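> Quick one, structure for this:
(2 chains)
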2 protein chains.
Amino acid sequence: MDNKCLVILSGGQDSTTCLAIAKSKFKEVHAVTFNYGQRHLTEIESAIKIAEKLNLTSHEIIDLGQGILKGSSPLVSNNELGVYKSVNELPGGVEPTFVYGRNILFLTIAANRAAVMGINDIFIGVCEADYAGYFDCRLDFINVMSKALGEGVYGSPDAFKIHTPLMSLTKSESVILAKELLGDKFDSVMELTHTCYAGVKGGCGQCHACLIRDRGFKDAGMIDPIWKFRNAPVFS
Amino acid sequence: MDNKCLVILSGGQDSTTCLAIAKSKFKEVHAVTFNYGQRHLTEIESAIKIAEKLNLTSHEIIDLGQGILKGSSPLVSNNELGVYKSVNELPGGVEPTFVYGRNILFLTIAANRAAVMGINDIFIGVCEADYAGYFDCRLDFINVMSKALGEGVYGSPDAFKIHTPLMSLTKSESVILAKELLGDKFDSVMELTHTCYAGVKGGCGQCHACLIRDRGFKDAGMIDPIWKFRNAPVFS
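Next up is the predicted model:
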């Protein structure tokens, strides 16, 4: 088993699955969660509860300043969030929720903390399969960003290893993997995760993030424990 | 003349020289200055005055949150600053003032603002000649970081051009270039710049940054306008 690693934990389904994977491979698992002026603090509260539940070595909430990332994304502005009837209705191309540079920023600050703690392995739950035009979720980006961090922090392009274990998984494969790793804890951990862009406990069921998550659980033939908090029927 | 660009302006000598270069090449020059919890706000005040003096199209001070970068550098902690008698006494290797990921962070936020403003050209005043072991000042870093930003923001590695016009200049060459570009304004602009790590107006003359700046002006055979604020004799 390797020594120690750092996980970027948003409090969502993917980063929580990433955390479970990291816990299966590293003795010490540290996590960081970012407050970057996102509309909903629900996901930060989720991250705190998940970190406690999974007994991490350390968990830091890092306040990035409210205006640090600008743009028209509803995640960092007052613009309206897209609402859809089904996953087939999702627009192609770059989703309007894309925030320029968000994962670049997260990885940069994570590399700073990793360097301070003497950690070289960083986990991020990005996924190319469902990337919605978020360019900073793609493998090409991760590969070059890893080299940029190594060069910038240590003058060595291979100093950091950025682990992206979900990169090529579908959402249903990711759900199944989380179940395998978390076992009996699956429901009680997944119940704590927050995915919905609209900030609705249990999920609004109509935003991009909810539709993708719902489809993942349905395709896996599993019940999402957050559905019990949802008023609207999930299977239509 | 090209259209518009964004300059990372710290308020120091190098970023101010960079700004003068950018002004000679672009019609619209925008600037960003970062408050990242550095010990001295003097340099931010300098940046504001310089931006006004040089009549920039826009200038944004971005508050990055006080604990965003951690480390043992005296620039972001209460650790003691190194004080030296001469430039020959400066330690080799990585200076203790190095902040892990600082320029990575600055370029990331600059790319976010550039994307919002439809700008592809970003200037940063890094310099390999005097890099003091700051790995994020080297060309190898800039080249790979440029690709990371392009991939992460636009899915295209060449979307941004990071201009580093001081990269291979000595400090004295940089002083001479600033004089050529600023002409009559040279003294009144350079007088506003702040370089000293100790936050002393006119420079303490004993920190790494002061020693390098002093040597640059001496080698160029020029008088640094900030010297008039300094109590200690400069030429020893």
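> what about the residue of chain A most remote from its centre, distance to B:T170?
Distance from the C-alpha centroid of chain A peaks at A:G155, with 28.3 Å (C-alpha atoms, centre = their mean). Taking C-beta to C-beta, to the nearest Å as the measure, A:G155 falls 21 Å from B:T170. From N, CA and C alone the C-beta is placed, and that goes for glycine too.
> Then A:G65?
Taking C-beta to C-beta, one finds A:G65 at 36 Å from B:T170.
> And these two? Which one has more around it.
A:G65 (19 against 16; other C-beta atoms under 10 Å in any protein chain shown).
> quick one, what contacts A:F34?
A:8, A:10, A:61-62, A:64, A:105-106, A:109 (C-beta atoms under 8 Å, 6 or more residues apart in numbering or on different chains).
> how about 6 Å then?
A:F34 makes contact with A:62, A:64, A:106 under the criterion C-beta atoms under 6 Å, 6 or more residues apart in numbering or on different chains.
> quick one: least confident of the residues you listed?
Sorting the contacts of A:F34 by pLDDT puts A:L64 at the bottom of the list (87).
> Correct me if wrong: it contacts A:T33.
No: the pair A:L64 / A:T33 is not scored as a contact, 10.6 Å apart, by C-beta atoms under 6 Å.
> how about the strands in chain A?
For chain A, the strands defined by DSSP state E cover A:2-8, A:26-35, A:58-63, A:121-123, A:161-163.
> Serialize these to JSON lines and add fields for distance to B:F217.
Shown next, in JSON lines, are those (distance: least, C-beta to C-beta, whole Å):
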{"stretch": "strand A:2-8", "distance to B:F217": "43"}
{"stretch": "strand A:26-35", "distance to B:F217": "42"}
{"stretch": "strand A:58-63", "distance to B:F217": "39"}
{"stretch": "strand A:121-123", "distance to B:F217": "42"}
{"stretch": "strand A:161-163", "distance to B:F217": "43"}
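> most neighbours per residue, which of the ones you listed?
Most buried of the strands of chain A, by mean neighbour count (mean count of other C-beta atoms under 10 Å in any protein chain shown): strand A:121-123, with a mean of 23.
> Just checking: what are the partner strands of that one?
Here strand A:121-123 is paired, per DSSP bridges, with strand A:2-8 (parallel), strand A:161-163 (parallel).
> Show the average pLDDT along the shortest one.
Confidence for strand A:161-163, expressed as mean pLDDT, is 98.
> From A:Q206, how far off is A:C127?
Taking C-beta to C-beta, one finds A:C127 at 21 Å from A:Q206.
> So which of the two has more stuff around it?
Using other C-beta under 10 Å, the more surrounded residue of A:C127 and A:Q206 is A:C127, with 25 against 20.
> on that earlier part again, could you dump the strands paired with strand A:121-123 into CSV and include distance to A:D14?
Listed next are these as CSV, based on distance: least, C-beta to C-beta, whole Å:
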stretch, distance to A:D14
strand A:2-8, 10
strand A:161-163, 13
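> Can you flag the weakest of the ones you listed by average pLDDT?
strand A:2-8 - the lowest mean pLDDT of these, at a mean of 93.
> Render the CA-only coordinates of that one in CSV, please.
Output of strand A:2-8 as CSV, limited to C-alpha atoms (Å, rounded to 0.1, in the frame of the first residue of the first chain):
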residue,chain,number,x,y,z
ASP,A,2,1.3,3.4,-0.9
ASN,A,3,2.0,6.1,1.7
LYS,A,4,-0.1,9.2,1.3
CYS,A,5,-2.3,11.1,-1.2
LEU,A,6,-4.5,14.1,-1.5
VAL,A,7,-8.0,14.0,-2.9
ILE,A,8,-10.0,17.0,-4.2
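> Contact residues of chain A facing chain B?
A:63-65, A:69-71, A:100-101, A:104-105, A:108, A:111-112, A:115-116, A:135-136, A:140-141, A:144-145, A:147-148, A:151-153, A:155 (C-beta under 6 Å from any C-beta of the partner chain).
> Apply the buried test to the residues you listed and list what passes.
A:63-65, A:69-71, A:100-101, A:104-105, A:108, A:111-112, A:115, A:135-136, A:140-141, A:144-145, A:147-148, A:151-153, A:155 (16 or more other C-beta atoms under 10 Å in any protein chain shown).
> So A:E151 sits against A:P157, correct?
Yes: here A:E151 reaches A:P157: they are 5.3 Å apart, a contact under C-beta under 6 Å.
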